[in-house]
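**Student:** Okay, here's the prediction I keep looking at, along with the sequence it came from:
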Amino acid sequence: MSEQNKDKFRSSAWFGPPDRDGFIHRSWMKNQGLPDHLFDGRPVIGICNTWSELTPCNAHFRELAEHVKRGVYEAGGFPLEFPVMSLGETLLRPTAMLFRNLVSMDVEESIRGNPVDGVVLLVGCDKTTPACVMGAASCDLPTIVLSGGPMLNGKFRGRDIGSGTDVWRFSEEVRCGQMSMCDFQDAESCMSRSHGHCMTMGTASTMACMVEALGIAMPANAAIPAADSRRYTLAHRVGSRIVDMVREDLRMSHILKREAFENAVRAVNAVGGSSNAVIHLLAIAGRVGVDFSLDDWDSLGRDIPCIANLMPSGRYLMEDFYYAGGLPSVLCELGDLINRDAMTVSGKTIGENVADAPCYNSDVIRPLDNPLVANSGIAVLRGNLCPDGAIIKPSAASPQLLRHTGRAVVFENIEDFHAHIDDPDLDIDENCVMVMKNCGPRGYPGMPEVGNMPLPTKVLRKGITDMVRISDARMSGTAYGTVVLHIAPESAVGGALALVETGDLIELDVPARSLDLRVPEEEIARRRASWQPPQPASNRGYLKLYVDHVLQANRGADFDFLVGASGAGVPRESH
Ligand code: FES
């Protein structure tokens, strides 16, 4: 080991000492063929990999990691890849969100307990991004987020189709007899035809934009398709840059300041991002102690137009977005609507990063004076149904339903919904408000993406494609409709949602930011007095930990004991 680097970085506590413990730390590592000089005190870069064949969106991450390693070596660092639990949105039951906090713990403890000086987070499928960012933020080492990139555009019979968004559409068409089951099955392989995550502006793409706008990912991170060689070039550059960040001691807390969160809200609104960004950004803010609340989503985003013409709000897909200029172009167009002095992992401010970012297609990335949706944003609702808040994404809703009063049709849970939604005797029409209970953080548990309840077939057959739907659930970022989500407090903890009965009137007024149950106070009090909480989902294991400690949606659904950070001090030795 060279004397000048000795004890300079955190990893030196493991690899530096010439004693018995240092022997143990180095010797066992050398069984991988690692030469002496890698232990000379150079920055050790942990590559936190959410690769899994059960997470198809992240299935190319072994190759991505190899390109990060090339960059790390080139810059004089020492890369060490490690796995963490992966969360695949399509397969994992009962819902990937149930395990976001678990993965954040896996990431946090894997970083803190090991000899790493800087971290690259390889993320893609929806929850892998917030989970890894939350865990890394609680450690606060120099960190770069590298997204795996979206799939290429889906192509089906001469037209582009988008992940998720067109699944929901096709499924409704099958149900009302407009699409054959044979055609539906044909579309499967046409939709997902390359590596990568969903290529709509769903949650994964939104998360990739969010981390880029926060400044913890490199410029252009969000849009480069997974199959494009430039994704691997970016990985190489990330590997080089993280080594420099360690030398500069540019830690997450130097970047994740209030201004960064404001930029993230504005960027997510400008791209018509997923409503899931709300809950994840709140949780990340909680980890770094930034004063940021649900109401900030409304106030900061209220006058931000949606200028990215991407599904589900618009018509294009992420591949088109990349060719049009990607997020740097959007941030450039936002001008002074973003905090241009906010620092980023590039070592430059976000304003410097995007100063001359070009736009190559003004229909995909619209100018501010010709937006896709003016004043889109995420609307935060209050009222006697949601005293701690609820959200709706107006750009994905039907304008004529943003002010609507209707008769409630209540489903006690998702199974009750499936059992009755197509019952010919169900008294429901397009003017009703569909209500689902027990799908919040504690109630499901895990707050699944079931808030965009499919419409009853008898309504679909009339050519109706949207109804007001309300719940304490989330909704897929690829979904659309007049869907009120994240009602807090949730029904399982006795929120007013638990007291709604079929036949009650519910009034939604998005311009006024309100959602109310039009039932006399005395009647609400009577129902509350006889309300019984549901039985807990489990009395042991992770489910019990989750239900006992998960916070409500308006606080990001993090665990109460995970809010905050513990840093990355070197734990004591046990040999
Ligand atoms: Fe993985 Fe959509 S299912 S990003």
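**Tutor:** Yep, that arrived. Bear in mind the structure is a predicted one, so any value in this text is a computation, not a measurement.

**Student:** Which element, helix or strand, includes the residue of the stretch 201-350 of the chain found nearest the ligand?
**Tutor:** Nearest residue of the stretch 201-350 of the chain to the ligand (CB to the nearest ligand atom) works out as Ala204 at 3.4 Å. Backbone N, C-alpha and C define where each C-beta goes, glycine included. If you go by DSSP states H and E, Ala204 is part of helix 203-214.

**Student:** What's the first helix or strand after that helix?
**Tutor:** By DSSP H and E, the next helix or strand past helix 203-214 is helix 229-248.

**Student:** Against which helices or strands is the helix holding Ala204 packed?
**Tutor:** helix 128-137, strand 143-147, helix 258-270, helix 276-288, helix 326-334 (3 or more CB pairs under 8 Å, 6 or more residues apart in numbering; DSSP states H and E).

**Student:** want to try JSON lines for the ones you listed, with mean pLDDT, mean neighbour count and distance to Ile24 as columns?
**Tutor:** Converted to JSON lines, the helices and strands packed on helix 203-214 look like this (pLDDT from 0 to 100; neighbours: other CB atoms under 10 Å; distance: least, CB to CB, whole Å):
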{"stretch": "helix 128-137", "mean pLDDT": "98", "mean neighbour count": "30", "distance to Ile24": "26"}
{"stretch": "strand 143-147", "mean pLDDT": "98", "mean neighbour count": "29", "distance to Ile24": "27"}
{"stretch": "helix 258-270", "mean pLDDT": "97", "mean neighbour count": "25", "distance to Ile24": "40"}
{"stretch": "helix 276-288", "mean pLDDT": "98", "mean neighbour count": "25", "distance to Ile24": "33"}
{"stretch": "helix 326-334", "mean pLDDT": "98", "mean neighbour count": "25", "distance to Ile24": "45"}
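
**Student:** what about the strands in the stretch 1-150 of the chain?
**Tutor:** 44-49, 78-83, 118-123, 143-147 (DSSP state E, counting those that start in this stretch).

**Student:** Report all helices and strands that the second one contacts.
**Tutor:** With contacts defined as 3+ CB pairs under 8 Å, 6+ apart, strand 78-83 has these neighbours: strand 44-49, helix 61-74.

**Student:** Please identify the deepest-packed of those.
**Tutor:** strand 44-49 (a mean of 26; mean count of other CB atoms under 10 Å).

**Student:** now that one, how far from the chain's geometric center?
**Tutor:** In this view, strand 44-49 has its centroid 21 Å away from the chain centroid, taken as CA atoms, centre = their mean, to the nearest Å.

**Student:** Likewise for stretch 304-317?
**Tutor:** For stretch 304-317, the distance to the chain centre is 17 Å (CA atoms, centre = their mean).

**Student:** related to what we said a few turns ago, what would the strands of the stretch 1-150 of the chain look like in JSON lines with distance to Val243?
**Tutor:** JSON lines is the format used below for the strands of the stretch 1-150 of the chain (distance: least, CB to CB, whole Å):
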{"stretch": "strand 44-49", "distance to Val243": "6"}
{"stretch": "strand 78-83", "distance to Val243": "9"}
{"stretch": "strand 118-123", "distance to Val243": "7"}
{"stretch": "strand 143-147", "distance to Val243": "10"}
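
**Student:** where exactly do the strands run in the stretch 401-550 of the chain?
**Tutor:** 403-411, 433-436, 468-471, 483-484, 505-509, 514-518.

**Student:** got the angle between the first one and strand 514-518?
**Tutor:** What it means is strand 403-411. Here the directions of strand 403-411 and strand 514-518 differ by 60 degrees (axes from the mean of the first three to the mean of the last three CA atoms, to 10 degrees).

**Student:** Quick check: Leu381 is in a strand.
**Tutor:** Yes - counting by DSSP: H, G, I helix; E, B strand; the rest coil, Leu381 is located in a strand.

**Student:** which ones are touching it?
**Tutor:** Leu381 is in contact with Gly389, Ala390, Ile391, Ile392, Val484, Leu508, Val510, Arg513, Ser514, Leu515, counting by CB atoms under 8 Å, 6 or more residues apart in numbering.

**Student:** I'd like to know how many residues surround the third one.
**Tutor:** What it means is Ile391. Each residue near Ile391 was counted by other CB atoms under 10 Å, and the total is 26.

**Student:** pLDDT at it, what is it?
**Tutor:** Looking at Ile391, its pLDDT is 97.

**Student:** hang on, the earlier thing: as CSV, the strands of the stretch 401-550 of the chain with mean pLDDT, mean neighbour count and distance to Arg26 would be great.
**Tutor:** As requested, those are exported to CSV (pLDDT from 0 to 100; neighbours: other CB under 10 Å; distance: least, CB to CB, whole Å):
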stretch, mean pLDDT, mean neighbour count, distance to Arg26
strand 403-411, 98, 18, 60
strand 433-436, 98, 26, 56
strand 468-471, 98, 28, 54
strand 483-484, 97, 26, 55
strand 505-509, 98, 19, 63
strand 514-518, 98, 19, 60
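
**Student:** what does the worst-scoring helix or strand of the chain on mean pLDDT contact?
**Tutor:** Lowest on mean pLDDT, DSSP states H and E among the helices and strands of the chain sits helix 165-175, with a mean of 89. Identification of contacts with helix 165-175 by CB under 8 Å, 6+ apart yields 154, 156, 179-181, 184, 187, 191, 200, 202, 311-312, 452, 454-455, 457, 460, 465, 476, 478-480.
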